[in-house]
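A.B. asks: Sequence first, predicted coordinates after that:
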Amino acid sequence: MALQAGDTFGRYELVSWLGRGGMAETWRAQLVGDAGVTKPVLIKKVLPEYADDEAFISMFINEARISATLSHGNIAQVFDFGRVEGEYFLAMEFVDGQPLHRVLKRAMKQGMSALPIPVAVFIAMEMCRGLHYAHSRTDNNGRPLGIVHRDISPDNVLLGYEGQVKIVDFGIAKAQLIRGFKTAPGVVKGKYLFFSPEQARGEDVDARTDVWATGVVLYELLCGKLPVEGPPPAVMMRIGRGEFAAPKVLRPDLPDALNEILLRALAPTRDMRFESSHEFGDALAGFLYSNFPRFSAMTVAHLLRSLFKAELSQEGRELAVPQSFLEEMSAWRSPPPTGAPRKRSSPAPGEPRASRIETQPSGSETPAPIQEAPRQFFYPLALATLVGIGGSWWLLSNANAPEVQPLPLSARSIPQPVREMPATPPAVTPPPPSPPPATASPTATAVSARPPTVGDFLLKLRGFIGQQDFNSARLVANDCVAQYPEAPQCYLFLSVIEARFRNLQASADHYEAFIRLTPEGDPHRSRIMELLYSSDFDPNPFDVVLLLAQMTEEPSATASPASAASGRSDGDWSKLFHKKAAELNRRRPSEDALGPARMCVLLDPQNAECHLILGDSYDRSYKRKQSREHYLRFLTLAPENHPARARVSDMTE
């Protein structure tokens, strides 16, 4: 018999039916205690027809197990779990409000193109706080539980009429505390429009997967549409490539600082994103309270009360909304200013533009304070100089090197720098006039059709970097690597550009490729290693420019012994990088030690200590698969009486 309002359901009295979604239905209810004491709750009950669906019941129990461990102001708390007449249910905190997707839909229906900037940022910031709490939960022994929501979307965020922001539905969350929990290889779970690239590929997920999904939610709140829409195959392909419009393209009034924060959250590669929801939320909080210092949750409350005034009236409720807020809300319905076209500004250091995005000129803005003004001002010039000097160095130092044969170019064409006419001619000496074009001939046509050389790629890089277009510069550097996979200079330039995006792990990958392709004893190779060692794998671009300038003056074939960066062997460098990794692990346990630990293994792959420190570094970064790989290699190489053998053996079982 179907349940009705007023029925008793275990210890609960059903008040009203709220809705049905997929395999479960929800009821507003109240817990009835002694002496007439009641507590409002939400009952989520499995529908009778799915009571025997083992996969769904397992997911439902998974939600109960995870949610029961969570108690945070931005997560709807679960109070009870059980069965009534064979039907599973959850009793959770009742949030008096509306789901976020309904709020956005209602706002747009009432004339807004999207949510107001401070409201959207506040909601995402509160989501980050709840997610970070879940991500950082530990068991009684202090070991991380490894909780990842995996299904963050506006459907699973509730807004309260008092301004609360609550995350719900941990039904497909991943957690190490669930014994035997495992997603089959290649199986993806969640709403595909909010998938991260790694989630779309069916790979293991971590907290940065939820960072991506939160970024997609914020993008939709700010722009009124998702970054990518369409059928699943097309969406997943574009997501994996980072092919979507920058939010500022769709919303020209968006401040550059917020645009860059959002693009970092939506970086296709995990290492390019914020390391945690806490870091993402902290960046949003810095933006919000720098630009809207008096913003509070009551603005969200007033917005909901205004948007759903009719529903509240039907319930006989009149929640106050100040007249000043109603006037402000009218202004929000006006179309945002488009601004005068101008060139996009460069991201500040530490705020990379991470996606292959479509950009267009943006409006004027008030620049945020910059702490490292000199470095910020000269950064594009320094990187452009790096490309120019680097090209000269390789033309000089590799003049007698074996010719590198290009691979066939992919179908994708190499981007061409956009040449703009400046408003005021720059104060530089113009280049000599080009000779008049010669009459085209079959020979000339054949020459023009040749594959681009490494020098051609470097010239394109210099053009893009001079325009501060690092997205296109990255594409060109990647094409250089793709066509000349044996040319170390391509990897060197790509590593520098990835460092510009703060993608330090990818940068380290390309530095490693540079090292592999440059012979031991080459002063250029040794100097790069010395620079990486002295800078903890985050070199100042000015140091790189100076280093390459010295290389240009002293090609490798003629470099003096005194200039060969102390003349250290690979074994010497391996010991130094091991020492650096151990020092970084002691000083600030994080991914910072991965770079030197990886270099230790690269330079001395038979050294058990290098594999041990790399295994420890991966373990501290919760990268269990990589950690186990190097721990097992350590056990193979280390002597039987090594003091760490017992510990490592336990960790690999």
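C.D. replies: Thanks, I have the structure now. Keep in mind it's a predicted model, so treat the numbers as computed, not measured. Numbers count the residues shown, from 1 in each chain.
A.B. asks: so which strand or helix has R586?
C.D. replies: Under the criterion of DSSP states H and E, R586 resides in helix 570-587.
A.B. asks: ok, and for that helix, which residues are buried?
C.D. replies: D570, W573, S574, K575, L576, F577, H578, K580, A581, A582, L584, N585 (16 or more other C-beta atoms under 10 Å). The C-beta positions use only the backbone N, C-alpha and C, and glycine is treated the same way.
A.B. asks: Tell me if I'm right that the fifth one and Y533 touch.
C.D. replies: Yes. L576 sits in contact with Y533 when judged by C-beta atoms under 8 Å, with a separation of 5.9 Å.
A.B. asks: just to revisit the earlier point, report all helices and strands that the helix holding R586 contacts.
C.D. replies: With contacts taken as 3 or more C-beta pairs under 8 Å, 6 or more residues apart in numbering; DSSP states H and E, helix 570-587 sits against helix 523-534, helix 594-603, helix 608-620.
A.B. asks: Dump those helices into a markdown table; add mean pLDDT as well.
C.D. replies: Shown next, in a markdown table, are the helices and strands packed on helix 570-587 (pLDDT from 0 to 100):
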| stretch | mean pLDDT |
| --- | --- |
| helix 523-534 | 76 |
| helix 594-603 | 88 |
| helix 608-620 | 89 |
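A.B. asks: Turn the ones you listed into CSV, including distance to V95.
C.D. replies: What follows is the helices and strands packed on helix 570-587, written out as CSV (distance: least, C-beta to C-beta, whole Å):
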stretch, distance to V95
helix 523-534, 50
helix 594-603, 41
helix 608-620, 37
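A.B. asks: M92 is nearest to which of the ones you listed?
C.D. replies: helix 608-620 (34.5 Å; C-beta to C-beta).
A.B. asks: Could you list every helix and strand in contact with the closest one?
C.D. replies: With contacts taken as 3+ C-beta pairs under 8 Å, 6+ apart, helix 608-620 sits against helix 570-587, helix 594-603, helix 624-637, helix 645-652.
A.B. asks: Between helix 594-603 and the third one, find me the angle.
C.D. replies: The reference is to helix 624-637. Angle of helix 624-637 versus helix 594-603, following axes from the mean of the first three to the mean of the last three C-alpha atoms, to 10 degrees, is 40 degrees.
A.B. asks: same check, this time on the first one
C.D. replies: With the same axes, to 10 degrees defining the directions, helix 570-587 sits at 150 degrees from helix 594-603.
A.B. asks: rewinding a little: okay, angle between the helix holding R586 and helix 523-534 too, please.
C.D. replies: Inter-element angle recorded for helix 570-587 and helix 523-534: 20 degrees (by the same axes, to 10 degrees).
A.B. asks: switch to numbering from 716
C.D. replies: Yep, numbering from 716; the last one is helix 1285-1302 now.
A.B. asks: what is the mean pLDDT for helix 1285-1302?
C.D. replies: If you average the pLDDT over helix 1285-1302, you get 85.
A.B. asks: same question, stretch 812-829
C.D. replies: 94.
A.B. asks: what about it, how long is it end to end?
C.D. replies: Using C-alpha to C-alpha, to the nearest Å, one end of stretch 812-829 lies 19 Å from the other.
A.B. asks: rewinding a little: from the buried residues of helix 1285-1302, pick the one nearest V799.
C.D. replies: The closest of those, once distances to V799 are taken by C-beta to C-beta, is N1300, at 51.6 Å.
A.B. asks: you'd agree that closest one is up against S1332?
C.D. replies: Yes. The pair N1300 / S1332 is scored as a contact, 6.5 Å apart, by C-beta under 8 Å.
A.B. asks: what sits in contact with each of the two?
C.D. replies: Residues within reach of N1300 and of S1332 at once, by C-beta atoms under 8 Å, 6 or more residues apart in numbering, are A1308.
A.B. asks: What number of residues are in the vicinity of S1342?
C.D. replies: For S1342, the count of nearby residues is 21 (other C-beta atoms under 10 Å).
A.B. asks: quick one on the thing from earlier: identify all contacting residues around the helix holding R1301.
C.D. replies: Under the criterion C-beta under 8 Å, 6+ apart, residues 1235, 1241, 1244, 1248, 1251, 1283, 1307-1309, 1311-1312, 1314-1315, 1318-1319, 1322, 1324-1325, 1328-1329, 1331-1332, 1335 lie in contact with helix 1285-1302.
A.B. asks: Give the ChimeraX command for selecting the buried subset of those.
C.D. replies: Applying 16+ other C-beta under 10 Å to the contacts of helix 1285-1302, the buried members can be selected in ChimeraX as follows:
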select :1241,1244,1248,1251,1283,1307,1308,1309,1311,1312,1314,1315,1318,1319,1322,1324,1325,1328,1329,1331,1332,1335
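A.B. asks: what does stretch 988-1000 rub up against?
C.D. replies: Contacts for stretch 988-1000 (C-beta under 8 Å, 6+ apart): 836, 839-840, 842-844, 846-847, 850-851, 922-923, 925-927, 929-930, 976, 979-982, 1069, 1305-1306.
A.B. asks: and that stretch, what's its mean pLDDT?
C.D. replies: pLDDT averaged over stretch 988-1000 gives 95.
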